[in-house]
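Enquirer: from the sequence below, what's the structure:
(one chain, ligands or ions: 2)
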Amino acid sequence: MAYFIEAKKLVKIYERGSEKLRALDGVSFCIDKGDIAAVVGESGSGKTTLVNILGCLDNPSVGELIIDGRRIFADGVKLPEAELTRVRREIFGYIFQKFFLIPTLSVAENILLPGVFRPELKIPQAELDGIMDMLGILKRKDHLPKELSGGEMQRVAIARALAGRPKVLIADEPTGNLDSRRSDEIKDLFVRLNKERGITIILVTHNPELAKIGSRVIELSDGKIKNKF
Ligand SMILES: Nc1ncnc2c1ncn2[C@@H]1O[C@H](COP(=O)(O)OP(=O)(O)O)[C@@H](O)[C@H]1O
Ligand SMILES: [Mg+2]
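Expert: Ligands and ions are numbered 1, 2, ... in the order given. Below you'll find the model as predicted:
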């Protein structure tokens, strides 16, 4: 059976003037539907570069990416931009270390943002309330981001990703700005989203406790896979 996501010999070269940096150097692996894939490795090892490519936010210099049977990138050729946009919106939800909430919008309005770009989502009030309730931020729905704690802001960012009904959540160091109790809450939440909603999760983390929830672990070192299991 075909895998949901297949990365084949991904190479990413960043060029700065005459300098060339191989941030990814022949990275191959597969992710199944329903996996939690933990991407670990030292700072600068290429984790963010890798997940940005997996999430179709950036393209590899060389190599192939296949998602759900579709060839997204193949040796320098990529899907047309309009189709890439659709893949980004319909397959992925993104969660970053910096939460990127819009400061002038309320919690509920921030969460509803995916619906602004995709009117066909028509996020019903009950779904919105359900997501906020699950994340423990229902009482905060009319608050502005600046009135929230770091853990709450991250949960709003997760809620916003969920409002787009993603098949895959990509989280780049989601607990990087949180203390250990808040990190544990986020960890439990990811496990629940995976178990109860079947969401595939790709998780970059420095936190060994969080990496433990991975059904697959991809360890990078200097742009290469050091270990995978
Ligand atoms: N846009 C960029 N331009 C040039 N170099 C970059 C860029 N993004 C990342 N790098 C370099 O690529 C390497 C891998 O970076 P990154 O993927 O951010 O690693 P990690 O997320 O594991 O810390 C680092 O040496 C970094 O400095
Ligand atoms: Mg990074």
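
Enquirer: mean confidence for the longest helix along the chain?
Expert: Looking across the chain with DSSP state H, the single longest helix is helix 180-197. For helix 180-197, mean pLDDT is 92.

Enquirer: elements contacting it?
Expert: Secondary-structure packing of helix 180-197 (3 or more Cβ pairs under 8 Å, 6 or more residues apart in numbering; DSSP states H and E): strand 36-41, helix 150-163, strand 168-172, strand 200-204, helix 208-211. To be clear about C-beta, it is placed using only N, CA and C from the backbone, and glycine gets the same treatment.

Enquirer: possible to save those as JSON lines with mean pLDDT and mean neighbour count?
Expert: Converted to JSON lines, these look like this (pLDDT from 0 to 100; neighbours: other Cβ atoms under 10 Å):
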{"stretch": "strand 36-41", "mean pLDDT": "98", "mean neighbour count": "24"}
{"stretch": "helix 150-163", "mean pLDDT": "94", "mean neighbour count": "23"}
{"stretch": "strand 168-172", "mean pLDDT": "97", "mean neighbour count": "24"}
{"stretch": "strand 200-204", "mean pLDDT": "98", "mean neighbour count": "25"}
{"stretch": "helix 208-211", "mean pLDDT": "92", "mean neighbour count": "16"}
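
Enquirer: got those as CSV, with distance to ligand 1 columns?
Expert: As requested, the helices and strands packed on helix 180-197 are exported to CSV (distance: least, Cβ to the nearest ligand atom, whole Å):
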stretch, distance to ligand 1
strand 36-41, 6
helix 150-163, 18
strand 168-172, 7
strand 200-204, 7
helix 208-211, 14
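
Enquirer: residues contacting the residue in the chain that ligand 2 sits nearest to?
Expert: At 3.2 Å from ligand 2, residue 48 is the closest residue in the chain, using Cβ to the ion. By Cβ atoms under 8 Å, 6 or more residues apart in numbering, the contact set of residue 48 is 172, 204.

Enquirer: surely it is in a strand?
Expert: No. According to DSSP: H, G, I helix; E, B strand; the rest coil, residue 48 belongs to no strand; its state is helix.

Enquirer: run the chain-centre distance for stretch 2-20.
Expert: 18 Å (Cα atoms, centre = their mean, to the nearest Å).

Enquirer: what pLDDT is listed against residue 1?
Expert: 63.
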